[in-house]
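Colleague: Sharing a model that was predicted from the sequence below.
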Amino acid sequence: MIPEQDVNANDAEVALPQPLVRGGLHRSLSARQVQMIAIGGTIGTGLFLGTGRSLAQGGPASMLICYGIVGFIVYVTLLLLGEMATQYPVAGSFNAYATRFFSPSFGFALSWNYWFNDAVSVASDLTAAQLVLQFWTTSYPWVVSLLFWVFLVSVNASHVKAYGELEYWLSFLKVATIVVFIIVGILVNVGVNESHTYIGTHNWHIPGAPFVGGFGGFAKVFVTASFAYGGTESLGITAGETKNPSQNMPKVVKFVFWRILLFYILSILLIGLNVPWDYPNLSNKTTTTSSFTIVFTLAGSTVAASFMNTVILTSVLSAGNHALFAGTRVLYGLSVVGPIPHAPRIFSRTTRAGVPLYALLATSSISVLCLGSSYIGSGQLWGWLQNIVGVSNQIAWLSIGLASWRFRKAWIRQGRSLDEMKFRASWTWPWGPYFVVRVSIC
């Protein structure tokens, strides 16, 4: 049953979590940083490594269809979130909106689920770093995870500006590299490759393709695609620390469509055309090879392949940086809920720079999971963590749909004009929330 408690949109700012401590978070993220984070901030292991696993499990057709479907779901979901985050920018984002507009108990459970999601995402990214490093060496893979962990905690402990600036340049590097990859991928497909042969759609017609593993393979790819797009909804969390969120958040949301179309769909199409699903060591228990690196290898340049692998390693760093930031803010948001906090109040304490240090340390501590790769195998451990995060992402999208449905219902019932909204995705009215809820459940 869906709760029918009265929802007053006018009271939302009062009802949403408010800081209980002096100082609190700082609105220090600039429009330049937020927009670049929106374009490339969450592009990471799900795209650069997950596509290899998706191709091996489901084939090129399943991969393209699943990523296309999930991409559309994510875009509509972010539009719904953008309406609420622009109207009421707070730390905690959709977790706070689920608490206010849908159900306090559901919001409580969701918040802890999403905090765990982000914490596990950091562990997943640090494990992925070990997989990427195997392109050069298989000795002491856990060292790179430890170094990355120390670096990420140090950056996030300094100032939100440090997070924003690091994420800006790492995102810029990822965007530039994907543009180069698209150009190289087209050239490889038309014959500029080691064998000097036209590939075309040949890999869609080899034995087993284009649908590998039938419906089971398709379902596996769908979960992997959910992991790849994960983190997009956490852009709303930056609203609590964004300068002039009423103007910047709508710009952030509008960028997402082009990011999905250019960076995900086009890249995945080229991967499916150029890389056979049965490519050696594409994905197994001990390793997962990046499809992006394979395409550069097919182009006949080992130097370019090494450069691509380096960029993937920085993207792992970027994705972990983003997940650690988001998880820290979710835990902080739980601790500042009044009158009864949903997490120990120690997590609401911030430094003079506005960093919730204790929340940061608690979130980063889950990353110790990545060290389990020494016993399980990096490829298998990463796959397990990926599945956990993928399912958790779908729960998050469901909650955004439910909160948006109640938010819109309250706005209309109180007789408020839609023109009063600071941002409105008009083409998603009224079907948007129902669509997101239905597909997330299914």
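Modeller: Looks like it came in fine.
Colleague: Which positions in whichever strand or helix holds residue 144 come out as buried?
Modeller: Taking DSSP states H and E as the definition, residue 144 sits inside helix 142-158. Buried residues in helix 142-158, counted by 16 or more other Cβ atoms under 10 Å: 142, 144, 145, 148, 149, 152, 153, 155, 156, 157. Backbone N, C-alpha and C define where each C-beta goes, glycine included.
Colleague: Max pairwise distance over those residues: which two?
Modeller: 142 and 157 (22.2 Å; Cβ to Cβ).
Colleague: For residue 307, list the residues it contacts.
Modeller: Counting by Cβ atoms under 8 Å, 6 or more residues apart in numbering, residue 307 touches residue 296.
Colleague: Please identify the helix or strand for it.
Modeller: Here residue 307 is assigned to helix 302-335, by DSSP H and E.
Colleague: Ok, residue 267 next?
Modeller: Going by DSSP H and E, residue 267 is in helix 266-274.
Colleague: So which residues make contact with that helix?
Modeller: Contact with helix 266-274 is made by 47, 51, 55, 59-61, 63-64, 67, 178, 181-182, 185-186, 188-189, 199-201, 203-204, 210, 291-292, 294-295, 298, as judged by Cβ under 8 Å, 6+ apart.
Colleague: Name only those of those that count as buried.
Modeller: 47, 51, 55, 59-61, 63-64, 67, 178, 181-182, 185, 188-189, 199, 203-204, 210, 291-292, 294-295, 298.
Colleague: what's the helix holding residue 144 packed up against?
Modeller: Packing partners of helix 142-158 (3 or more Cβ pairs under 8 Å, 6 or more residues apart in numbering; DSSP states H and E): helix 104-133, helix 160-190, helix 302-335, helix 357-365.
Colleague: about what we covered before: for the helix holding residue 267, the distance to its chain's centre please.
Modeller: Centroid displacement of helix 266-274 relative to its chain, using Cα atoms, centre = their mean, to the nearest Å, is 21 Å.
Colleague: Show the subsequent helix or strand relative to it.
Modeller: Next along the chain from helix 266-274, counting by DSSP H and E, comes helix 291-298.
Colleague: roughly how far is that next one from the heart of the chain?
Modeller: 23 Å.
Colleague: May I have it as CSV, with CA atoms only?
Modeller: The C-alpha coordinates for helix 291-298 follow below in CSV (Å, rounded to 0.1, in the frame of the first residue of the first chain):
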residue,chain,number,x,y,z
SER,A,291,36.8,-3.2,-24.6
PHE,A,292,38.2,0.3,-25.1
THR,A,293,41.7,-1.0,-24.8
ILE,A,294,41.0,-3.8,-27.2
VAL,A,295,39.8,-1.4,-29.9
PHE,A,296,43.0,0.6,-29.7
THR,A,297,45.0,-2.7,-29.8
LEU,A,298,43.1,-3.7,-33.0
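Colleague: which residues are contacting stretch 171-188?
Modeller: Here stretch 171-188 has contacts from 36-37, 39-41, 43, 193, 199, 262-263, 266-267, 270-271, 273-274, 292, 295-296, 298-299, 304, 308, 311, 314-315, 318, using Cβ under 8 Å, 6+ apart.
Colleague: what's the average pLDDT for that stretch?
Modeller: In this model, stretch 171-188 carries a mean pLDDT of 89.
Colleague: Could you do stretch 224-244 as well?
Modeller: According to the model, stretch 224-244 has a mean pLDDT of 70.
Colleague: can you give me the end-to-end distance of that stretch?
Modeller: 35 Å (Cα to Cα, to the nearest Å).
Colleague: same thing with stretch 224-233?
Modeller: OK, stretch 224-233 end separation, Cα to Cα: 16 Å.
Colleague: now swap in stretch 36-55 and tell me
Modeller: 28 Å.
Colleague: which parts of stretch 299-313 are buried?
Modeller: Quick answer for stretch 299-313 (16+ other Cβ under 10 Å): 299, 304, 305, 308, 309, 310, 311, 312, 313.
Colleague: before we move on, what about stretch 169-176?
Modeller: 170, 171, 173, 174, 175.
Colleague: Include distance to residue 161 when you put the residues you listed into a markdown table, please.
Modeller: Below are those laid out as a markdown table (distance: Cβ to Cβ, whole Å):
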| residue | distance to residue 161 |
| --- | --- |
| 170 | 15 |
| 171 | 15 |
| 173 | 19 |
| 174 | 20 |
| 175 | 21 |
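Colleague: Just the closest of those residues to residue 227, please.
Modeller: Checking the buried residues of stretch 169-176 against residue 227 with Cβ to Cβ, the nearest one is residue 174 at 17.0 Å.
Colleague: ok, now which ones touch residue 363?
Modeller: 115, 118, 119, 122, 324, 327, 328, 331.
Colleague: Pull the number of nearby residues for the first one.
Modeller: Residue 115 has 26 neighbours, counted by other Cβ atoms under 10 Å.
Colleague: Contact partners for it?
Modeller: 327, 330, 331, 334, 363.
Colleague: Which one (most neighbours) among those?
Modeller: residue 330 (31 neighbours).
Colleague: Any of the contacts of stretch 171-188 buried? List them.
Modeller: 36-37, 39-41, 43, 193, 199, 263, 266-267, 270-271, 273-274, 292, 295-296, 298-299, 304, 308, 311, 314-315, 318.
Colleague: sorry, back to before: could I get the helices and strands packed on helix 142-158 in CSV, plus columns for distance to residue 398?
Modeller: Output for the helices and strands packed on helix 142-158, formatted as CSV (distance: least, Cβ to Cβ, whole Å):
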stretch, distance to residue 398
helix 104-133, 9
helix 160-190, 27
helix 302-335, 17
helix 357-365, 23
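Colleague: Go through these and name the closest to residue 420.
Modeller: Smallest distance to residue 420 across the helices and strands packed on helix 142-158 (Cβ to Cβ): 24.9 Å, for helix 104-133.
Colleague: Could you name the helices and strands sitting against the helix or strand harbouring residue 433?
Modeller: Using DSSP H and E, the element containing residue 433 is helix 432-441. In terms of contacts (3+ Cβ pairs under 8 Å, 6+ apart), helix 432-441 is packed against helix 50-87, helix 378-413.
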